[in-house]
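# here is the input, now give the coordinates:
(4 chains)
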2 protein chains.
Amino acid sequence: MKKKSVTIKDIAKEAGVSIATVSMIFNNKDKNISQGTRDRVMNIAKLHNYIPNSMARSLVTKRTKTLGLILPDIVNPFFPEIARGAEDKARESGYSIIICNTDDNLEQEDRYIEILTEKMVDGIIFTHSADRNNTNSGLERCRVPIILIDRDYDSDNVKGKVLIDNGEASYKGVIHLIEKGYRKITYIAGSLNTQTAKDRLKGYRKALEDNGIEFEEKYIKVGEYRSLWGMEAVTLLFEEGVDFDAIFCGNDLIAIGAMKKLKEFGKRIPEDIGIMGFDDIYMASLVEPELTTIKQPNYEMGHKAAQMLIRAIEGNEKNTESKIILETELVVRKSS
Amino acid sequence: MKKKSVTIKDIAKEAGVSIATVSMIFNNKDKNISQGTRDRVMNIAKLHNYIPNSMARSLVTKRTKTLGLILPDIVNPFFPEIARGAEDKARESGYSIIICNTDDNLEQEDRYIEILTEKMVDGIIFTHSADRNNTNSGLERCRVPIILIDRDYDSDNVKGKVLIDNGEASYKGVIHLIEKGYRKITYIAGSLNTQTAKDRLKGYRKALEDNGIEFEEKYIKVGEYRSLWGMEAVTLLFEEGVDFDAIFCGNDLIAIGAMKKLKEFGKRIPEDIGIMGFDDIYMASLVEPELTTIKQPNYEMGHKAAQMLIRAIEGNEKNTESKIILETELVVRKSS
DNA sequence: CAATTCAAGTTAAACGTTTAACCAATTTCA
DNA sequence: TGAAATTGGTTAAACGTTTAACTTGAATTG
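Prediction:
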């Protein structure tokens, strides 16, 4: 543990060259170094297992080759794929990723942005939480480029966005339910204070309207993005005596919880009640009946976000605020 | 983006003090600084939104307040909770976490260890992959303390381990199946080349032996820790005409896949076939029927590992190689 | 009242790199 | 043959901190 680590100086001394020479060799700026010297230095370095100290390097280059990934909760199965996509792209380009869970807590987000700038990450991928007043959040004060995933927001620091069209997605989901013959379609939402959630509600209402189905307040239940809430919401619907024949859910977790509770109430799916989720987490195809849902390309979102970020970092920073809307896909399975 | 960041020097100049003074104030080594100066410096710092550069700091202190977390795949639902537990503990103590997915690939592991030492992490939490020859792996060459999670291994650099007793866990799982009256118990394993897997097999065999049930090779199917393999393995068992009345699975994913396939074959669970998983991922209680399984305290494992690691880093390094064996718990639900 | 301690700082070296600017010896070219 | 270009390097400053050692003037002590 206290093994003193070998530095560029040691290598230089042993090879009988200046440290600049060693540095250049290690950075492939070695056109002006003879093959002999190069080999000698490399051998000595290998022998002593020399690993350059990237603190020292970063101090002068102002690049850490590290990215921050801020998301609500890695335990929510929606996020690991995003993280994985981002990590894969990052590694490919020589970057590492620091992961930060915020539990959708604004203070925690700000705190993390501060920590990350202190650690000098080169950029941040950010799934930010609900409504932020754009006065003086950490997001505004941040000094590195930010790419937003999944949830939209406008700010100077935001150099790119990777989103889906939530309105269109939920629209086509509800249309599918209507085509299947369902008419009394409830909506169990996870929240209503992100733009994402609002857009989805809009899509839901538009689908109803376009088909001459009247929207009713009592069809909407708002809670959180967890299976437990799906179960509670179904119980609530029954208790309130709401008459319904389908449920459109804010995400798959809610849908899976709802299905479980429906079965407990003796309902058959999809005969009595149709169910539709959102996200297409891997579990969606493993539950009984397999869940019809809207697939979000999570891995790709993470991957694309990392790609945009790295481009923003390394590119000749022509304020390239870009925005990618990825396609969602209606995945029809057995629950509808 | 190119906003030149304000340094300690700027603050010092504006406050009319030396940089040492500012540094001391920021590090709470300020017993010898008057309240007046302290306030003045703090105000100026806040005004300019001064954030210390931790590269520069780390360069002299040799501490980065960053940990590495190396695991096979964050998408596997077994790992996010570990990651979360580790992150929570880390944050609490002022550390950040760099996450690394290896896909159980040995070269990737070594590569990551190298990257992490280059980035000067203070320590590493590591769920290493299958059989490593202890000759010259990155694990041996690593210069920072390592805590192992879930999978055992011996090395000088390993300063601690957080494990469960896999033999005892699977033993009690199989005993439960036997008590429920099952006798022809197959075992769908995820792999057999980790010590973890071997121990589980041992527990399985011992449980059979202790109850006078003969062990049969054909009962064992070895594949990978995925639902798809669970489905395939069940198909295989039927194709081979194996006569069985219960399945002990290497993890919950396998169990969920197996259940799905069994239902397709028209088997009733638990009446015709009993199923037991391993891990207790959150999905286990949401599938139909709810899955009986062995609960691993994942969050706690991550949390404990981070705690041990931080202790090893900050403690007066009395070679405190420690080993924690956490308790597993048999969770009896509807599938057995 | 001289010697000592204390308060409130300052100075300067060190951490391990990168990189622009420089240099000497040799080779090329017109 | 002399100027220019190339080869194979070297020197030294800079990056932004921390920290041990030093300083200076005022207060305390015996």
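# make it CA atoms for all contacts and neighbour counts henceforth
Noted.
# low-confidence ranges, chain A, go.
Applying pLDDT under 70 to chain A flags residues A:1-4, A:130-136, A:316-321.
# mind running it again at 80?
Filtered on pLDDT under 80, chain A yields the residue ranges A:1-4, A:30, A:129-138, A:140-141, A:316-321.
# and residue A:196, which helix or strand is it part of?
Take DSSP states H and E as the rule and residue A:196 turns out to sit in helix A:195-210.
# can you tell me what sits against that helix?
For helix A:195-210, the surrounding residues in contact (Cα atoms under 8 Å, 6 or more residues apart in numbering or on different chains) are A:150-152, A:166-172, A:174-175, A:189-192, A:214-215, A:250.
# residue A:82 and residue A:302 touch, don't they?
Yes. Counting by Cα atoms under 8 Å, residue A:82 touches residue A:302, with 4.2 Å between them.
# shared neighbours, these two?
With Cα under 8 Å, 6+ apart, residue A:82 and residue A:302 have no common neighbours.
# check which helix or strand covers residue A:243.
Secondary structure assignment for residue A:243, by DSSP H and E: no helix or strand.
# ok, it - contacts?
Residue A:243 sits next to residue A:184 when contact means Cα under 8 Å, 6+ apart.
# which SSE is the residue positioned nearest the centre of chain A in?
Nearest to the mean C-alpha position of chain A, by Cα atoms, centre = their mean, lies residue A:82 at 4.4 Å. Using DSSP H and E, residue A:82 sits in helix A:79-92.
# just checking, next helix/strand downstream of that helix?
Sequence-wise, the next helix or strand downstream of helix A:79-92 (DSSP H and E) is strand A:96-101.
# what residues does the stretch 1-150 of chain A have near DNA strand D?
Residues of the stretch 1-150 of chain A found near DNA strand D, taking Cα under 7 Å from any atom of the strand as the criterion, are A:16-21, A:32-37, A:56-57, A:59-60.
# burial measure for the residue lying closest to residue A:326 once chain neighbours are set aside, as a count.
Spatially, and ignoring its direct neighbours in sequence, residue A:326 is nearest to residue A:164 (5.1 Å; Cα to Cα, 6 or more residues apart in numbering or on different chains). A count of nearby residues for residue A:164, using other Cα atoms under 10 Å in any protein chain shown, gives 21.
# now do the one 10 residues further on
Counted with other Cα under 10 Å, residues neighbouring residue A:174 total 26.
# mind giving me the packing neighbours of whichever strand or helix holds it?
In this assignment (DSSP H and E), residue A:174 forms part of helix A:166-179. Secondary-structure packing of helix A:166-179 (3 or more Cα pairs under 8 Å, 6 or more residues apart in numbering or on different chains; DSSP states H and E): helix A:195-210, strand A:246-249, strand A:274-276, strand A:293-295, strand A:329-331.
# so which of those is nearest DNA strand D?
Among these, the nearest to DNA strand D by Cα to the nearest atom of the strand is helix A:195-210 (36.9 Å).
# tell me which residues in the closest one are buried?
The neighbour-count check on helix A:195-210 (16 or more other Cα atoms under 10 Å in any protein chain shown) flags A:195-208 as buried.
# and what of stretch A:233-246?
Using 16+ other Cα under 10 Å as the burial criterion, the residues of stretch A:233-246 that qualify are A:233, A:234, A:235, A:237, A:244, A:245, A:246.
# and for stretch A:299-317?
A:299-310, A:312-313.
# do the same with stretch A:6-26
Buried residues in stretch A:6-26 (16+ other Cα under 10 Å): A:8, A:10, A:11, A:12, A:15, A:19, A:21, A:22, A:23, A:25, A:26.
# now check it, is it near chain B?
No. Legend: contact between stretch A:6-26 and chain B by Cα under 8 Å from any Cα of the partner chain is lacking; minimum distance shown is 11.4 Å.
# for that stretch, the distance to its chain's centre please.
42 Å (Cα atoms, centre = their mean, to the nearest Å).
# next: stretch A:37-54.
Here stretch A:37-54 is found 39 Å from its chain centre; the criterion is Cα atoms, centre = their mean.
# touching DNA strand C at all, that stretch?
Yes. Counting by Cα under 7 Å from any atom of the strand, DNA strand C has neighbours in stretch A:37-54: A:51, A:52, A:53, A:54.
# just the CA trace of that stretch, in CSV.
Coordinates of each C-alpha in stretch A:37-54 appear next as CSV, following Å, rounded to 0.1, in the frame of the first residue of the first chain:
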residue,chain,number,x,y,z
THR,A,37,15.6,5.5,-27.1
ARG,A,38,12.0,4.7,-27.4
ASP,A,39,12.5,1.0,-26.8
ARG,A,40,14.9,1.5,-24.0
VAL,A,41,12.5,3.8,-22.2
MET,A,42,9.5,1.5,-22.8
ASN,A,43,11.4,-1.5,-21.5
ILE,A,44,12.4,0.3,-18.3
ALA,A,45,8.9,1.5,-17.8
LYS,A,46,7.5,-1.9,-18.3
LEU,A,47,10.1,-3.4,-16.0
HIS,A,48,9.2,-1.0,-13.2
ASN,A,49,5.5,-1.2,-14.0
TYR,A,50,5.3,2.5,-14.5
ILE,A,51,1.8,4.0,-14.6
PRO,A,52,1.6,7.7,-15.3
ASN,A,53,-0.1,9.8,-12.6
SER,A,54,-3.2,11.2,-14.2
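# re earlier: buried among the contacts of helix A:195-210? Make that a PyMOL selection.
Those of the contacts of helix A:195-210 that count as buried under 16+ other Cα under 10 Å are selected in PyMOL with:
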select buried, chain A and resi 150+151+152+166+167+168+169+170+171+172+174+175+189+190+191+192+215+250
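# restrict the contacts of helix A:195-210 to contacts with DNA strand C.
Okay, of these, nothing touches DNA strand C (Cα under 7 Å from any atom of the strand).
# would you reformat the helices and strands packed on helix A:166-179 as JSON lines and include distance to residue A:106?
Formatted as JSON lines, these follow (distance: least, Cα to Cα, whole Å):
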{"stretch": "helix A:195-210", "distance to residue A:106": "16"}
{"stretch": "strand A:246-249", "distance to residue A:106": "25"}
{"stretch": "strand A:274-276", "distance to residue A:106": "31"}
{"stretch": "strand A:293-295", "distance to residue A:106": "28"}
{"stretch": "strand A:329-331", "distance to residue A:106": "31"}
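# of those, which is nearest residue A:144?
Residue A:144 lies closest to helix A:195-210 among these, at 24.0 Å (Cα to Cα).
# kindly calculate the angle that the closest one makes with helix A:166-179.
40 degrees (axes from the mean of the first three to the mean of the last three Cα atoms, to 10 degrees).
# can you give me the strands for the stretch 101-250 of chain A?
A:123-126, A:146-149, A:158-164, A:185-189, A:220-222, A:246-249 (DSSP state E, counting those that start in this stretch).
# and the residue nearest to the centre of chain A, what is it in contact with?
By Cα under 8 Å, 6+ apart, residue A:82 lies in contact with A:298, A:299, A:300, A:301, A:302, A:303.
# chain B: which of those is nearest?
Lowest distance from chain B to these (Cα to the nearest Cα) belongs to residue A:299, with 10.0 Å.
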